[in-house]
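> What follows is a protein structure lacking sequence information:
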């Protein structure tokens, strides 16, 4: 789309089209190429909204940008040499943005813009608010436009290569740069590449032989079908998704409960199965967000999909952080939007407001986790299961009873100790402002979480001008030392009530204060307490009377008394606790004895349900809360400071085609539907980009979880759109996507080698963004470990089930089944760039550090694999060294050894020196007598396992 | 020569920009006209297939741990953080409050502050205080040997954390945020500066007998590449192969292993030759050479028995003496950040029996800390080494109920101290109220401490950023001011 625009403008230049069209296209150019960069890169320091304007320079209006700052005009139309902005972007006179240089194409855009007169429609300084500016820029941002279905361009220099649409898009750019695709890789190498890509394992020698022998024209397609049908495929690609889903088998640090998630693995197995079944990815998304709200029929297994939301870190049970993590995994993981940036303030770069954040917060907060989570397999008809069920019921019942009795006590406490709570709230104002923290109290002491609930309630009453509490707030403002002198005035003003300026005061409250004027805050709280206690007594009697006559009391007759009753019984009362074990419930148990009891009862349930023989697996589901939570904005992200209410819904900017507000329950299902809707511009792009990344090492958009205004645009925007369209046309099938990618000439081409053509390409495009060769890359941690086990002939084929500890001793299970410890991610895995499961991971880093080499050199696992490889029957059974070497090379590298390699091997095995490949002798051990070892074969094979050829795919 | 090549590669690179030109080892060799194996490995190690840092991927690419230039001239090159986990009491160590004696047993006149648990009246310190050095700063007998160095210490008496709970306070002190997953201080610093010795980890964490509370979260790299995570060493052990993972081969002699490695290198070189320039392949080849040398050097760094007897005696024979002597050896060898903990769990968390427990803990620490300061000084290293002492918070001047012989957690005001590179010695910064409960003069949030640490290392805390999830993150989040007063 952008390059089309370019052509349009070049054409416009050539044919001297009329001035109006010119002006329009210049404005478009500004809107699409200039404004977004200014907003995203410069406004932070150079606009009316900058907290501290830098260099006296504003860039947010035409006049300002031309007037410039302390150093002179930033932009002089038509004069690139005089425009300091350009010089700053080039890092000449200044270096802007600080510490980072924008890409040459962006700088070129600015150059062009200034050359052509710097058309700038921004008339007035400060004409737009920051949010408007962002929305304007966003309305032109590539990722937020509808997904186009561009026709693949005609590529000229195609030659003999069979071209797929993908190749045409790539070649267009390559040819413009004077480059082309590399020649196809040899077939064995393609096969090794395909195996490692799709299965995370190298091909067996038999698979190689079979493939090389298959001369049919569709041999490639057949091979892909075979690989995609393998159940091992899901273990590989499921793991990629688990990175996004920040999968772990435990919660991170928590105080009360079991640290493990006993059933996280049911989510992991769900994901593996979904990939193996080629579950359409839109359905996959839907199930992960709202499986509980779908009509699943007999097969309840998709319930496990909800682990996507629930198995995140637990932040010591801080509800707001848990919900934040869920918003994050949904928005970054599926939409490429960094919505959680808007938790404390509107997003600085993207069109996401704080209201949008709390609209989603409302969705997440209205979704609770049932305890215990449900089973999802058909109940087995066995005695073991029935026995288990009986025990389970008993334990759950005990826990429920405890919770409900605690709840009753808490509620009674709120109603019965009004004066104490009010006073506690009042005293709190003297304390230094601090975050809420975990408190430990004596049993029977005031409950700190309840004090907090009262505080929130009173703040809300003040905000809403609740007449019941006008008096309270008026008296509360008097300084302690000034009671005697001011209380009279305050009381008089309150009681007069004739003055129109005075906030209305509840008649019964006015009466109470008229009867006994307070002399201190103690008196004020006592008066309120008595008033409320009177109403409470009355209500209790009404309830009894109604019960005696077989009816139920619904309210007090007198309106004034009824409104007071609402303080203790209404839906917003501090006493109104949810019935479920819901958000924040644990905070309500601050004394050690209750905590201890709770912990014990909970553990009984958790232990029984996860460890008892006959215990079925469970799905870590969410369910909509009885009453949905009505979100308000938390000012600066602080839950103690409530701002305006918002409706649960979809981020407004992105909801253009329908109402943003959700209608049903938590709104989770509607959220999911919005995300997979045909007109959602993000989801399909984000998903195909992730798939592309795993095939080619990096995404067309490099920041795979951030498609916002500050992200680098895709290297091939049309290709991304074509892929997204193709993906949706083919029913969101990821396997179909693999096929179309992996049969392209781009995927089949060779990786870069030594040679003039490659040398030239390296000079033109050193990062290989244009894909002039297949990007060679190192195996990730799982593929490395699994490949070692596979060539050792040890890899177990058992699939699914609870996680195992893989790093102690020799445990030959696939790495995806290892216990993922969020509390203490194993150093070894981290050293190999396994992501920290603290948050959704967009892509893996690729670092090279000595800890990795130390693993290969010294960890017994590697030499054990070498030992096992040597004991494989197809190796150990061979009689000559030559045969063995041939076989081992086939197993490891999918090729035979050449003469030089055979010579090296013989030399090594015979115990003599090891000449280097280029003739330079690696001197160290040539004639060391200690170098003779009975295990030379073992050392040799371990050496082969360390080689780059084994660890890289090319 | 080696060093020179390494620096020339890294100089002028800001930590997180995208303007890198891939420079292969081969290209370097050509440029320098040198033979294989002689080139500065430091600049190459870790240089990887993705040459540029972009957005979320940001570059571990070039030399994850290669030394990088700071933002401005540093006052210190390296850091040792002595972490008194559990929370040492400020009013029993470096924040002398004579009024506690007078009001012993009485309630706080201005009303008690709410902390984690229920507390009673004020409790006097069971320890004797006196003035030390020319500066005349006060310290208790618990740290009398350390206090002999008081003229080199900047004592910050007005530290504040956010909550009186261990977990969030540990995370805050280490990672700058109480709950959300953020990289630790040591990770940020090694990310910003790399390390001076590629044969050792850049960020080493020692804690005898197991992990402190919240375990490895304390030295996590979070969204920074795994290479910046602290390397944990259980200093309960004394044998090298129990101290560092995979540091020794159980099967092969050094010569046998060298021979094996020569084979691997021959195969890799050949493989590389066929494939032309490829920084990822090259750096992996180098990483094996480094790992091989590391086996020797790392082991050697931990072998304190090589130290002269007088030095060993200076540090004493206890665990902390051993830890700090290892620390000095690591710092000497170019390790960037060493964090040393008191022990597993939370040893300083003396809710009761404070007198006995604090006395014992301090006794274990005092001599080694004094020894470390003396030793660094006599080697001319103190002026380029930053020493930080402190816990995650302090303790209440009031006694905890019901035993009334210990103190609760206190985040309202506590003490930590700095010494060494660029630090103004003999200076006390800020003050708590007359009982030592709450910081009232120049209150110092943890972010300010972090900003100051970075500043002393030549890093601007607002410029040391990492793009992740659409945001430029930093250690100090959106806060932090350098405490100018503690700078020498």
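Good, I have the coordinates. Bear in mind that the values here come from a model prediction, so they are computed numbers and not experimental data.

> For the rest of this, base every contact and every neighbour count on C-alpha atoms.
Fine.

> residue boundaries of the strands in the stretch 651-800 of chain A?
Per DSSP state E, counting those that start in this stretch, the stretch 651-800 of chain A carries strands over the ranges A:777-778.

> now do the stretch 51-200 of chain B
Per DSSP E, counting those that start in this stretch, the stretch 51-200 of chain B carries strands over the ranges B:78-83, B:119-122, B:129-132, B:137-140, B:153-160.

> I'd like the average pLDDT over the second one.
What that stands for is strand B:119-122. Strand B:119-122 shows a mean pLDDT of 94.

> got a list of contacts for that strand?
By Cα atoms under 8 Å, 6 or more residues apart in numbering or on different chains, the residues outside strand B:119-122 that reach it are B:100, B:103-108, B:397-402, B:404, B:407-408.

> ok, back up a step: deepest-packed of the strands of the stretch 51-200 of chain B, please.
Mean neighbour count (mean count of other Cα atoms under 10 Å in any protein chain shown) peaks for strand B:153-160 among the strands of the stretch 51-200 of chain B, with a mean of 27.

> Give the other helices and strands that that strand contacts.
Strand B:153-160 is packed against strand B:414-420, strand B:427-429, strand B:431-432, strand B:439-441, strand B:444-445, with contacts defined by 3 or more Cα pairs under 8 Å, 6 or more residues apart in numbering or on different chains; DSSP states H and E.

> still on that earlier bit, can you flag the buried ones in the contacts of strand B:119-122?
The neighbour-count test (16 or more other Cα atoms under 10 Å in any protein chain shown) applied to the contacts of strand B:119-122 identifies B:100, B:103-105, B:107-108, B:397-401, B:404, B:407-408 as buried.

> Adding pLDDT and distance to chain A, write the residues you listed out as CSV.
CSV is the format used below for the buried ones among the contacts of strand B:119-122 (pLDDT from 0 to 100; distance: Cα to the nearest Cα, whole Å):
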residue, pLDDT, distance to chain A
B:100, 97, 21
B:103, 95, 22
B:104, 96, 23
B:105, 94, 21
B:107, 93, 16
B:108, 92, 14
B:397, 97, 17
B:398, 97, 16
B:399, 96, 15
B:400, 94, 12
B:401, 89, 10
B:404, 93, 15
B:407, 97, 14
B:408, 96, 11
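
> Just these: which are in helices?
Judged by DSSP state H, the buried ones among the contacts of strand B:119-122 include residue B:100 as members of helices.

> ok, which stretches of chain B are helices?
According to DSSP H, chain B carries its helices in the segments B:2-10, B:25-32, B:99-102, B:144-147, B:166-175, B:185-193, B:240-243, B:254-275, B:279-302, B:309-315, B:319-332, B:354-378, B:446-456.

> ok, the one residue in the stretch 601-750 of chain A that gets nearest to chain B - how many residues close by?
Using Cα to the nearest Cα, the closest approach of the stretch 601-750 of chain A to chain B is made by residue A:703 at 5.3 Å. Using other Cα atoms under 10 Å in any protein chain shown, residue A:703 has 29 neighbouring residues.

> re the thing from before, out of the contacts of strand B:119-122, the closest to residue A:340 would be?
Nearest to residue A:340 among the contacts of strand B:119-122, counting by Cα to Cα, is residue B:408 at 35.2 Å.

> separation between that closest one and residue B:281?
As judged by Cα to Cα, to the nearest Å, residue B:408 and residue B:281 stand 55 Å apart.

> ditto for residue A:41
35 Å.

> One more: residue A:408?
Separation of residue A:408 from residue B:281 (Cα to Cα): 66 Å.

> For the closest residue to residue B:117 other than its chain neighbours, give me its contacts.
Spatial nearest neighbour of residue B:117, chain neighbours left out: residue A:440 (5.0 Å); criterion: Cα to Cα, 6 or more residues apart in numbering or on different chains. When the contact criterion is Cα under 8 Å, 6+ apart, the partners of residue A:440 are A:590-592, B:116-118.

> how about 7 Å then?
Taking Cα atoms under 7 Å, 6 or more residues apart in numbering or on different chains, we find residue A:440 in contact with A:590-592, B:116-117.

> next one: residue A:714
A:700-701.

> Just the pLDDT for it.
For residue A:714, the pLDDT comes out at 95.

> And residue B:246, by the same measure?
85.

> Just to check, it is in contact with residue A:853?
No. Between residue B:246 and residue A:853 there is no contact under Cα atoms under 7 Å: 9.4 Å.

> domain assignment for the chain?
Went with chain A since none was named. Listed by automatic domain parsing, the domain ranges of chain A are A:2-140, A:181-229+A:682-764, A:280-374+A:629-676, A:405-593, A:858-953.

> if you could check chain B rather than the one you did, that'd help
Following automatic domain parsing, one finds the domains of chain B at B:2-64+B:248-289, B:78-236+B:303-486.

> what's the spacing between residue A:807 and residue A:859?
11 Å.

> burial measure for residue A:212, as a count.
14.

> avg pLDDT for the strand or helix carrying it?
Using DSSP states H and E, the element containing residue A:212 is helix A:205-213. Averaged across helix A:205-213, pLDDT comes to 96.

> Go through that helix and flag the buried ones.
A:205, A:207-208, A:211.

> Using CSV, lay out these together with distance to residue A:546.
Below are the buried residues of helix A:205-213 laid out as CSV (distance: Cα to Cα, whole Å):
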residue, distance to residue A:546
A:205, 84
A:207, 81
A:208, 84
A:211, 84
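
> Pass me the low-pLDDT residue ranges in the stretch 501-650 of chain A, would you?
A:501-502, A:579-582, A:584 (pLDDT under 70).

> What of the stretch 1-150 of chain B?
Low-confidence segments of the stretch 1-150 of chain B, defined by pLDDT under 70: B:1-63.

> follow-up on the earlier one: contacts for the helix holding residue A:212?
Residues contacting helix A:205-213 (Cα under 7 Å, 6+ apart): A:187-188, A:890-891, A:894.

> Give me the buried entries from those residues.
Using 16+ other Cα under 10 Å as the burial test, the contacts of helix A:205-213 include A:188, A:890-891, A:894 as buried.

> just the contacts of helix A:205-213 now: which is nearest chain B?
Distance to chain B, by Cα to the nearest Cα, is smallest for residue A:894 among those, at 14.5 Å.

> For the stretch 51-200 of chain A, which residue gets nearest to chain B?
residue A:100 (5.2 Å).

> The domains of chain A: which one's closest to residue B:384?
The nearest among the domains of chain A, by Cα to Cα, is domain A:2-140 at 26.5 Å.

> close to chain A, is stretch B:326-335?
No. Stretch B:326-335 is not in contact with chain A by Cα under 7 Å from any Cα of the partner chain; minimum separation 14.7 Å.

> Now do that stretch: distance to the chain's middle.
Distance of stretch B:326-335 from the chain centroid (Cα atoms, centre = their mean, to the nearest Å) equals 12 Å.

> now swap in stretch A:194-211 and tell me
Using Cα atoms, centre = their mean, the mean C-alpha position of stretch A:194-211 is found 32 Å from that of the whole chain.

> And that stretch, end to end?
12 Å.

> Spell out which parts of the stretch 301-450 of chain B neighbour chain A.
Nowhere does the stretch 301-450 of chain B come near chain A, counting by Cα under 7 Å from any Cα.

> low pLDDT regions in the stretch 301-450 of chain B?
The stretch 301-450 of chain B contains no residues with pLDDT under 70.

> Residue most distant from the centroid, chain A?
Using Cα atoms, centre = their mean, the residue of chain A lying farthest from its centre is residue A:515. It sits 59.7 Å away.

> Could you count how many residues lie near residue 339?
Using chain A here. 30.

> nope, chain B
24.

> distance of it from chain A?
In this view, residue B:339 and chain A are 17 Å apart by Cα to the nearest Cα, to the nearest Å.
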